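Undergrad: model this:
(chains A and B)
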Amino acid sequence: MQINDELIDHLAKLSKLNFSEGEKEKMKHDFQQMLDFVDKLQEVNTDDVEPLIHMTKTVNQFRPDQPAQPFTQEEVVKNAPDHDGEHFKVPKVVKK
Amino acid sequence: MKNYETLAEIQQDLSTGSIQCKDLVDFYLKRIHSAQNLNLFLEVYEEEARLRAAEIDQKISQGTQGKLAGLVLGVKDVICYQGHGLTAGSKILAGFESMFTATALQRLLDEDAIVIGRQNCDEFAMGSSNENSAYGPARNPVDPERVPGGSSGASAASVKAGLCHAALGSDTGGSVRQPSGFCGTIGFKPTYGRVSRWGLIAYASSFDQIGPITRSVEDTARIMEIMAGPDQLDNTAAVEEVPAYSQALKEDSGKTYTIAYIREALESPGLDPEIKQATQDLIQRFKDEGHTVKMVDFPYLDYVVPCYYVLTTAEASSNLSRYDGVHYGYRSPKAQTLEEVYTMSRSEGFGEEVKRRIMLGTFVLSAGYYDAYYTKAMKVRSLIQQETLEILKDCDFILTPTAPTPAFKLGEKANDPIEMFLSDIYTVHANLAGVPAISLPLGEHSSGLPFGIQLMGRAFDEENLLNFSSQIVKK
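TA: Next up is the predicted model:
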């Protein structure tokens, strides 16, 4: 599969990343290399093979439904780049 | 200060009063300062470690100390420690402070381990050389022109250089074992689910395990028996009972085992001839010692790394979507709109390798490609696991080298992501299958560099894996 600008732009949009023109060229090149590498998997016959979805056999580990407050509001917003002590702040999203 | 190989020796000297925890901490602090050129620690908890040491010395004098009193530990920069900085080697988390402590670490702290600092690593544990850190590469203490491996490179390097007695790393595709091979330490990846992942920064959740890096198998056993076990905070943490590994080591009477080695692994063209020879010598030694050795075919060897990359990048692209410039971490000062907050913060905050993996992961999960790549890789993973379990039905362990070469030079593979990926060819197997694996220092290369051998064992049978490992390194 040949990687083009359109695909890189599409994936960047989905990934919430942007690239300068120079970065995009390099990404295109590296991406092509990585994709060619993982394309090797197509050689493996996987007819009638179930995908491995769960790595553990444990299911439904129950615990009592007890309310608790492991963190205070202050602790939760502490690492935020912008907050008012109670809320995370972001640029205005709704125009008047 | 003696060059202590085991915690037991340290505790012996603590009990006679010939040393105190305070002396140990001062010793390691001094060594950390004199090894700054290696760039192994991102933060050193100097005052705090001294205070903890004084507290534990007090407990020792009263006979109330925990099982790990005297253990001075380094922690990879992906494991939460409440009130301490945590960056995953990334600019996007600069200034972040953990709100809680990882369960695995908390259990060690409860037994009086002392954390001396936070160790450099590849950004979000993505890398095999520790060159992908936003805080500069870490270097190998055996040869500072060479990489210590990755992603827990600095952790293995610190144990080797004697900057801490042991370290906690994380292993998604070999990140504890490959650097242990490159530095000459013992690196252990538990069975998937054996150790709680609560408080470990997620890279690929169906692969990640926290594992110890040590100077002796005995210490691996002592750390593992405390760290492992179920955790209410991580529902994937296994409920299987955790045996007393260190007691089992003491009682081991030199049992004989059946060991498989993978033909394709030894015939691999990328394998260094000296490492190949040393592995063959070890196979001969096993036979001489009365073990049964079987050559097995593992036709999927060429597919393990591609399979690993599809699945881990997919999981990473999802896990790393939490870095949004809103809840924590870096926000671009140039962002004017919410969309720009997301996009600019992530683009400026993540390094190149992380972006490459997010892009590949997004691709394999995207509409139109999901089945061809992601589902396909999950099917191949299924085959790899089945084939591995089949081998482990008749054989107790699978032997391979830890890595195809000894440590390479800084910059040597920086421009070729595929070359870099292939240094994990032997280690990713255990993470794909979910089984435990260990890297043991096997010998010294003519270049003077150490290298390791790897043993994989049966799921949840860490006990026999540790017992056999101990037999190997003792002789």
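
Undergrad: Regarding residue B:73, what is its secondary structure?
TA: strand (DSSP: H, G, I helix; E, B strand; the rest coil).

Undergrad: what's the closest non-adjacent residue to it?
TA: residue B:113 (4.9 Å; C-beta to C-beta, 6 or more residues apart in numbering or on different chains). In short, each C-beta sits where N, CA and C put it, glycine included.

Undergrad: show me the contacts for the one you found.
TA: Residues counted as contacts of residue B:113 (C-beta atoms under 8 Å, 6 or more residues apart in numbering or on different chains) are B:66, B:68, B:71, B:72, B:73.

Undergrad: Tell me the pLDDT of the second one.
TA: At residue B:68, the predicted lDDT confidence score is 98.

Undergrad: still on that earlier bit, ok, which pair from the contacts of residue B:113 is furthest apart?
TA: Greatest spatial distance in the contacts of residue B:113: B:66 and B:72, 13.7 Å, computed using C-beta to C-beta.

Undergrad: quick one: which of those two has more around it?
TA: Neighbour totals were compared for residue B:66 and residue B:72, and residue B:72 leads with 27 against 16 (other C-beta atoms under 10 Å in any protein chain shown).

Undergrad: What spatial separation is found between that one and residue B:26?
TA: 10 Å (C-beta to C-beta, to the nearest Å).

Undergrad: repeat for residue B:453
TA: 36 Å.

Undergrad: So these two - more neighbours on which side?
TA: Remark: of residue B:453 and residue B:26, residue B:453 carries more neighbours, 22 against 16, as counted by other C-beta under 10 Å.

Undergrad: Can you verify that one is assigned to a strand?
TA: Yes. Under three-state DSSP, residue B:453 sits within a strand.

Undergrad: Would you quantify the distance from it to residue B:472?
TA: Counting by C-beta to C-beta - residue B:453 and residue B:472 are separated by 8 Å.

Undergrad: Mind listing the shared neighbours of those two?
TA: With C-beta under 8 Å, 6+ apart, residue B:453 and residue B:472 have common neighbours B:282, B:440.

Undergrad: for chain A, which residue is closest to the average position?
TA: residue A:15 (6.8 Å; C-alpha atoms, centre = their mean).

Undergrad: measure that residue to residue B:412 for me?
TA: Relative to residue B:412, and taking C-beta to C-beta, residue A:15 is found at 29 Å.

Undergrad: Tell me, what's the model's pLDDT at the residue nearest to the centre of chain A?
TA: Residue A:15 is given a pLDDT of 98.

Undergrad: again, but for residue A:66
TA: On the pLDDT scale, residue A:66 gets 91.

Undergrad: That one - how many residues pack around it?
TA: Residue A:66 - counted by other C-beta under 10 Å - has 5 other residues nearby.

Undergrad: ok, and it, which helix or strand is that part of?
TA: Counting by DSSP states H and E, no helix or strand carries residue A:66.

Undergrad: now it: how far from residue B:86?
TA: Taking C-beta to C-beta, one finds residue A:66 at 28 Å from residue B:86.

Undergrad: What of residue B:168?
TA: 13 Å.

Undergrad: Can you pull the residues that touch both of those two?
TA: With C-beta under 8 Å, 6+ apart as the test, residue B:168 and residue B:86 both reach residue B:79.
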